[in-house]
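A.B. asks: Take this sequence and fold it.
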Amino acid sequence: MTIQTNTNVKVDPVCRMKVAENSKVLPFTFNENTYFFCAETCRKEFIADPNKYLEKKLPKKKGLWGRYLDRLNKTTGGKPQCCH
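C.D. replies: Here you go, the predicted structure:
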């Protein structure tokens, strides 16, 4: 049994699973970046709509205060309201 220590580990953009660069699943290049996948199903899902998985998603705020701030940002368009 050999243990590989030099293998570069990447993250599957679809399921966020760690994947070795030398994975059996073919990588996919999009906008000059190469993406690696844990399975062919994740690769197909990514190819169908890459931007869906590349958008930065902010974590949802929790609790009463977080919901209040979400509603406030939705109402004001994310712009602070000034009393002056």
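A.B. asks: residue contacts, the residue lying closest to residue 18 once chain neighbours are set aside?
C.D. replies: If the residues on either side of it in the chain are set aside, residue 18 comes closest to residue 9, at 5.1 Å by Cβ to Cβ, 6 or more residues apart in numbering. To be clear about C-beta, it is placed using only N, CA and C from the backbone, and glycine gets the same treatment. Taking Cβ atoms under 8 Å, 6 or more residues apart in numbering as the contact definition, residue 9 lies against 18, 19, 20, 21.
A.B. asks: Just the buried ones among the residues you listed, please.
C.D. replies: residue 19 (16 or more other Cβ atoms under 10 Å).
A.B. asks: ok, the contacts of residue 9 vs residue 28, which is closest?
C.D. replies: Comparing these against residue 28 with Cβ to Cβ picks out residue 19 as the nearest, at 12.1 Å.
A.B. asks: Three-state assignment for that closest one, please.
C.D. replies: Going by DSSP: H, G, I helix; E, B strand; the rest coil, the secondary structure assigned to residue 19 is strand.
A.B. asks: burial count for the residue nearest to it when sequence neighbours are not counted?
C.D. replies: Counting by Cβ to Cβ, 6+ apart, residue 19 lies nearest to residue 36, which is 4.7 Å off, once chain neighbours are set aside. Around residue 36 sit 23 other residues, with neighbours defined as other Cβ atoms under 10 Å.
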